[in-house]
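> Would you be able to build a 3D model of this:
(2 chains)
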Protein chains: 2
Amino acid sequence: MSAKALVGIDLVFAGELVSQYSSACDSGFAFIATHLFHPKSNVFSHPSIPDFSSIPSTRSDLVFQKDGKSIVRSIVGKVSANIDVDSTDSVIQASSELALQKELSWAVHLGLPAISLQLTRPNNIRLARLLTNFIRTEYNPVKLWITLPMWIEKNELPESTANDGDTPPSSKQSRSTVDDTPWHWWMRLSTLASDISDALGVVLEVPSNLPDESVIARWLSEPVVCLRLRTDLFLTNSKGFPVLPRSHQHLLRRFFKLNVQLLLVGACRHDQGFVCYQKYLMWLWKNQGEPDIYEQQSKGFEDQLQEPLQPLRDNLSSTTYSIFEMDPYKYDAYEKAIYLALVHRARKTSESALPNGPTPEVVGDKPTSVCQVIMVLGAGRGPLVNAALNASEKAACPVRIYVVEKNPNALFTLQDRMTHEWRGLDVHLVSGDMRQLNMPEKADIFVSELLGSFGDNELSPECLDGAQPYLKADGISIPSSYTSYVAPLQSLQFHNETKRSRDPTSCSRINSAHDTPFVVRLTNCQILSEPQPVFTFVHPKPDPRESNSRFATCTFLMEHDAVVHGLAGYFEATLFGDVTLSTHPRRHSPQMVSWFPFVFPVDHPIFVHSGERLTVSMWRAVSSRHVWYEWAFTEPRPTRIFNSAGHANKISL
Amino acid sequence: MSAKALVGIDLVFAGELVSQYSSACDSGFAFIATHLFHPKSNVFSHPSIPDFSSIPSTRSDLVFQKDGKSIVRSIVGKVSANIDVDSTDSVIQASSELALQKELSWAVHLGLPAISLQLTRPNNIRLARLLTNFIRTEYNPVKLWITLPMWIEKNELPESTANDGDTPPSSKQSRSTVDDTPWHWWMRLSTLASDISDALGVVLEVPSNLPDESVIARWLSEPVVCLRLRTDLFLTNSKGFPVLPRSHQHLLRRFFKLNVQLLLVGACRHDQGFVCYQKYLMWLWKNQGEPDIYEQQSKGFEDQLQEPLQPLRDNLSSTTYSIFEMDPYKYDAYEKAIYLALVHRARKTSESALPNGPTPEVVGDKPTSVCQVIMVLGAGRGPLVNAALNASEKAACPVRIYVVEKNPNALFTLQDRMTHEWRGLDVHLVSGDMRQLNMPEKADIFVSELLGSFGDNELSPECLDGAQPYLKADGISIPSSYTSYVAPLQSLQFHNETKRSRDPTSCSRINSAHDTPFVVRLTNCQILSEPQPVFTFVHPKPDPRESNSRFATCTFLMEHDAVVHGLAGYFEATLFGDVTLSTHPRRHSPQMVSWFPFVFPVDHPIFVHSGERLTVSMWRAVSSRHVWYEWAFTEPRPTRIFNSAGHANKISL
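Got it, this is the predicted structure:
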């Protein structure tokens, strides 16, 4: 969202549209929301509604001009509030249907970018159908802004829907009423209308009492496009200007990450006029605080599907290397791990040199200087070589470094560094695949950075197993182990992206997006439960004959009603000792930008109720030529097995 | 199923395969089921299992020859019973996986048509995955026969899974254990393995105590390919021959409709040898009773998707007319309805001729003979003209018949009948669309047969509305009204057919099979609840301005756990008075063969639990050029709206 389009103002219908618009512009607002038809003009042929036929229903399209320029792109059209297509009164229902069609049709005729509709009922099945039919048959693109309250306080609920407190939570009857929040209204509407989900956006009415974090987190996973802010939410600061309470400021900052717009609603309550609200909101937006490096690095990638890299099959590009090398955390961690490993090895070597075992007094902290053989496996352009050299210097431990790389393009760079940067040092370049090494000696320490977003998904286990014959029996691998994690994910945005990415021109890819894991900078999403460990690998492998295929089952107890669109995947690696790399959301390594989450999709959203168990089984399958993942849910209801036999996605060995 | 392949016999592994096979052939059996590997040969590397390495594991493929001809197509291979890939013991699990792969691979190498696997666990997730991977990567076609008990009697259940009697039925905890029948095992396995559902068949072990009807009905909706019959199920008749109890005979006859095969299991318990079982089962099969005319007419159409006819858009073919004209019930019903209408009209006319109203003594049963004008709207090749002529004669009421037809090809036939058959009668041919009539007079009676499998789906309402100006104010329409019905449908077979019918060569039809209603002779299916009325139309229409668009919501209370694959659609029409046409399963007009059920599919099976509500909303949408249906479920979980805006299927006006 550019600052230019951030704040709009909500107006009632007025004949003098252009002057209203001009005055809103003068106050700094970027857009206005206004009724399409006169609020009193929807003459329902119903006895209780008087005849307003004398009132002009709407303006001609000629008034949407200012200084000869059309202003329609700055107007959100509001559908009349008395339209109620899901009314149980059949007369209101039928007249509403006609009125809605008339207003929608008028809005697209004008070319408005968005039409706003207020949701007041829990169930909107007829509305869902009318909107779906409208968008499906409308040539002109238009967004539907579905406006609804962020939450309804318990005491605002009609008696019949309030929780009576002593109904057991497992009872179905109580569940459907107690848990019927505005989010449920939206969830049902958007599911019914999922054929047109690209056209739907949520407009949330921000209440003065903010709801629980769980409610806010839930909305952050939906396509919220705008927040409605009533002027009475604002306090007055010591200088007489409107300001939002701290909690609301914090709320806005969180929603700013979804690029929401803001819509000011209500009477002006400050002498300075509407302009002071607009200025305050702009100030809030500008003072969000600098994005951290992770946010900077992922700018533009939010919620986009990326095919996971396959560095074993494909040679990484120079750009890819340079992006990864910019990670401020990772190489420091490697350097520290190598240092600790050198210290550990050196101490051990000097100990074993003494016939009577360890004599700390003699050995001290500074180990004797036996040269350690380090193999950097998959050196890329050499960052780990430098980390090893630095560690060696710090540990005062001489090293011989074998630099192994199979990418011929990276080898040019390594050759250059050999000639200039590492000349005279005990560094040796080895060209080739680490699984087919032919080395003059064995290593004390393996150093590799072969981990993907899901840990083993770039085939680190297979690569390191292939090199393992060249590691001494008591040698160290950095990383020494890694574990992948999964957590249930709710993200309509992600789900829509996978639907979209079914390539319509290639029949062989039909549905395959639902069977393919992706790398995604998850933003517009909710992680529904604490991640659980899936697959663990340890290096060096205690029994080299052991298979790298894996099977794991995770069960998550759902705390809230939710819609599961897939599984978010993470990893944690122990480099050496207590030096770790982690993308686990609770323990993410600070400032580490190299990995976005892994995501396993499902073809169909899985509806889960609070208190239900969600169980998923996952496989890491290994054939002679490929590795792939399969996944299937068994609770609350079974699904098919995704990516069975790796039919949609395989990682090449 | 041809009689030739009906009965097989189950054998244990034997080295002398050909002699066993020969002896089975001599006893009249069409196929044998035998172990692929020696039952003691699966040497699991497990301490509790002794070493059987001296036992030959299986036979060479050279023994599958008899008289120089391969016998493999008559052999079902049985996977070793001790293979248990879902064991919680990781050693058994791993060895089982290897053993299973070895046995499956051996079976396809031999070219066996089917491999049989015994299901003993409620959850078979690893088995599901191995089978899916096997079928997905196997070039040779082979069927997997999943063998499991038809049901398990409560007292056979292990204590922990039995119903303790006082757990409330709504409790989720109890549900998952109480209701865990073999059908649930199959449902989970087949859902997980739905990528390969074409390859899966069910083999049911028939118990001596047959289960409730609900259990049998459930299995009749699954792809049952074979029944396993133990020899101890047979009684001995007075002549010393084996016979099945009546209940089992009845069961077999029901499953014969699914073309099941039979597999005899166990020791011979009769002096006459195995041959007498085979002969008895063949006798049962041959004495199923003649198929009724409905079954005869639908032979070959069972569970096949047919696109609904659009007689308004497309001219019906001669073959289609002749098939419909063969219906033994329909035209009799029309004749009776026309007769009653004539009697009614004539009486009314004569009554109104009398200044003082009805005087039964004077009028009597034989009405005075005022000529009645009948319009046969959409006469086709003229069967209703004959029905009207017959009714006129029976009622001794003269008629003038206008024969309206728009199909130019049918007009040739009508012209011919005019010249020869109806010469000299007061019958007049009118060529053209009944919605654009130009007639010299108005009709007393409209007679039409414009109903489709879902009643109004061939646009009878729109056609008759178009003709209505030519019906007298007090005129009669035959039919006078019709109502469509829907019921939730479980049919894996139907679901698989819709999956298959996504045309892979045409990208525009992706997924559309899930949005298209079909006409299907439903066989391998279960109707899960009593059908409920949906849309009703009455003719003549009281208010001609009233729209023919409709909206209805039906809620079904589920009595059993089930999987909903769509909605079965039916109709009931009142022709006149008490003369009806009905395809409602409980009130189907006898011998009426003209309509198979209508089916509305869903894209994804809907899992429902006993006691849950299934709610569906349905629309009949009308535009200036088309009519179409839309449908969406809202309980227990929302679905998308199918065929929104008629994007996949429209009926042309």
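
> The closest residue to chain B within the stretch 301-450 of chain A: how many residues sit nearby?
The nearest approach of the stretch 301-450 of chain A to chain B comes at residue A:305, 19.2 Å away (CB to the nearest CB). Every C-beta, even on glycine, is put in place using the N, C-alpha and C of the backbone. The number of residues packed near residue A:305 is 18, by other CB atoms under 10 Å in any protein chain shown.

> neighbouring contacts of stretch A:545-554?
For stretch A:545-554, the surrounding residues in contact (CB atoms under 8 Å, 6 or more residues apart in numbering or on different chains) are A:456, A:461-462, A:465, A:486, A:532-535, A:537, A:615-622, A:627, A:634, B:125-126.

> Now list the buried members of the residues you listed.
Buried members of the contacts of stretch A:545-554, counted by 16 or more other CB atoms under 10 Å in any protein chain shown: A:456, A:461-462, A:465, A:486, A:534-535, A:537, A:615-622, A:627, A:634, B:125-126.

> Sort out for me which of the residues you listed are in strands.
Using DSSP state E, A:486, A:534-535, A:537, A:615-622, A:627, A:634 are the members of those that sit in strands.

> I'd like those as JSON lines, with pLDDT and distance to residue B:86 appended.
Shown next, in JSON lines, are those (pLDDT from 0 to 100; distance: CB to CB, whole Å):
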{"residue": "A:486", "pLDDT": "98", "distance to residue B:86": "21"}
{"residue": "A:534", "pLDDT": "98", "distance to residue B:86": "19"}
{"residue": "A:535", "pLDDT": "98", "distance to residue B:86": "19"}
{"residue": "A:537", "pLDDT": "98", "distance to residue B:86": "24"}
{"residue": "A:615", "pLDDT": "97", "distance to residue B:86": "14"}
{"residue": "A:616", "pLDDT": "98", "distance to residue B:86": "16"}
{"residue": "A:617", "pLDDT": "97", "distance to residue B:86": "11"}
{"residue": "A:618", "pLDDT": "98", "distance to residue B:86": "15"}
{"residue": "A:619", "pLDDT": "97", "distance to residue B:86": "13"}
{"residue": "A:620", "pLDDT": "98", "distance to residue B:86": "18"}
{"residue": "A:621", "pLDDT": "96", "distance to residue B:86": "17"}
{"residue": "A:622", "pLDDT": "96", "distance to residue B:86": "20"}
{"residue": "A:627", "pLDDT": "97", "distance to residue B:86": "23"}
{"residue": "A:634", "pLDDT": "96", "distance to residue B:86": "12"}
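
> Also near chain B: which of those residues, exactly?
A:617, A:619, A:621, A:634 (CB under 8 Å from any CB of the partner chain).

> what's the farthest-apart pair in these?
A:621 and A:634 (17.9 Å; CB to CB).

> partners of residue A:537 in the sheet?
With DSSP bridges as the criterion, residue A:537 is bridged to residue A:482.

> Please tell me how far it sits from residue A:87.
60 Å (CB to CB, to the nearest Å).

> Likewise for residue A:96?
When residue A:96 is compared with residue A:87 (using CB to CB), they lie 6 Å apart.

> Looking at the two, which has the bigger crowd around it?
The neighbour comparison of residue A:96 against residue A:87 (other CB under 10 Å) goes to residue A:96, with 23 against 17.

> Flag every buried residue along the one helix or strand the more buried one maps to.
Using DSSP states H and E, residue A:96 falls within helix A:90-110. Of all the residues in helix A:90-110, those buried under the rule 16+ other CB under 10 Å are A:92-97, A:99-100, A:102-104, A:106-108, A:110.

> Can you name the next helix or strand after it?
Toward the C-terminal end, the helix or strand that comes next after helix A:90-110 (DSSP H and E) is strand A:114-118.

> Which helix in chain A has the most residues?
Criterion DSSP state H: the longest helix present in chain A is helix A:330-353.

> buried stuff in that helix?
By neighbour count on 16+ other CB under 10 Å, the buried set for helix A:330-353 is A:330-351.

> Start and end of stretch A:435-455, how far apart?
Stretch A:435-455 has an end-to-end distance of 19 Å (criterion: CA to CA, to the nearest Å).

> same thing with stretch A:455-470?
Calculated as CA to CA, the first-to-last residue distance of stretch A:455-470 is 23 Å.

> same question, stretch A:7-17
So stretch A:7-17: terminal residues 18 Å apart, CA to CA.

> Neighbouring strands - and their directions - for the host helix or strand of residue A:228?
Residue A:228 belongs to strand A:224-230 when assigned by DSSP H and E. Using DSSP bridges, the strands paired with strand A:224-230 are strand A:200-205 (parallel), strand A:261-265 (parallel).

> which one of those strands lies closest to residue B:30?
strand A:200-205 (58.8 Å).

> which residues are contacting that closest one?
Taking CB under 8 Å, 6+ apart as the rule, strand A:200-205 contacts A:114, A:116, A:131, A:143-150, A:186, A:190, A:193, A:219, A:222-228, A:230, A:263.

> show me what contacts residue A:378?
Contacts of residue A:378 (CB under 8 Å, 6+ apart): A:311, A:404-406, A:434, A:448-450, A:463.

> same thing but at 7 Å, please
The neighbourhood of residue A:378, defined by CB atoms under 7 Å, 6 or more residues apart in numbering or on different chains, consists of A:404-405, A:434, A:448-450, A:463.

> what's the answer for residue A:208, then?
Counted by CB under 7 Å, 6+ apart, residue A:208 has contacts residue A:233.

> Let's see that with 10 Å instead.
A:230, A:232-233, A:245, A:247-248 (CB atoms under 10 Å, 6 or more residues apart in numbering or on different chains).

> and if you look at residue A:34?
With CB under 10 Å, 6+ apart, residue A:34 has these contacts: A:9-14, A:17, A:20-21, A:24, A:59, A:75-78, A:112, A:116.

> Mind naming the longest strand for chain A?
Using DSSP E, we find that the single longest strand of chain A is strand A:562-576.

> I'd like to check the angle between it and helix A:330-353, please.
Taking axes from the mean of the first three to the mean of the last three CA atoms, to 10 degrees, one finds strand A:562-576 and helix A:330-353 inclined to each other by 40 degrees.

> Give me the sheet partners of strand A:562-576 and which way each runs.
strand A:481-490 (antiparallel), strand A:579-582 (antiparallel), strand A:598-608 (antiparallel).

> from the ones you listed, which stretch is densest packed?
Greatest average neighbour count among the strands paired with strand A:562-576 goes to strand A:481-490 (a mean of 24), per mean count of other CB atoms under 10 Å in any protein chain shown.

> send the alpha carbons of that one over as CSV?
Extracted C-alpha coordinates of strand A:481-490, given in CSV (Å, rounded to 0.1, in the frame of the first residue of the first chain):
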residue,chain,number,x,y,z
SER,A,481,22.0,-33.0,13.3
TYR,A,482,18.8,-31.4,12.0
THR,A,483,15.1,-31.9,12.5
SER,A,484,12.2,-30.7,10.4
TYR,A,485,8.9,-29.4,12.0
VAL,A,486,5.4,-29.0,10.8
ALA,A,487,2.4,-27.0,12.0
PRO,A,488,-1.1,-26.7,10.6
LEU,A,489,-1.5,-23.5,8.5
GLN,A,490,-4.5,-21.4,7.8
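
> Following element in sequence after it, please.
Next in line after strand A:481-490, if elements are assigned by DSSP H and E, sits helix A:492-500.

> for that following helix, packing partners?
Judged by 3 or more CB pairs under 10 Å, 6 or more residues apart in numbering or on different chains; DSSP states H and E, helix A:492-500 is in contact with helix A:182-192, strand A:200-205, strand A:518-519, strand A:562-576, strand A:598-608.

> same thing but 8 Å
strand A:562-576, strand A:598-608 (3 or more CB pairs under 8 Å, 6 or more residues apart in numbering or on different chains; DSSP states H and E).
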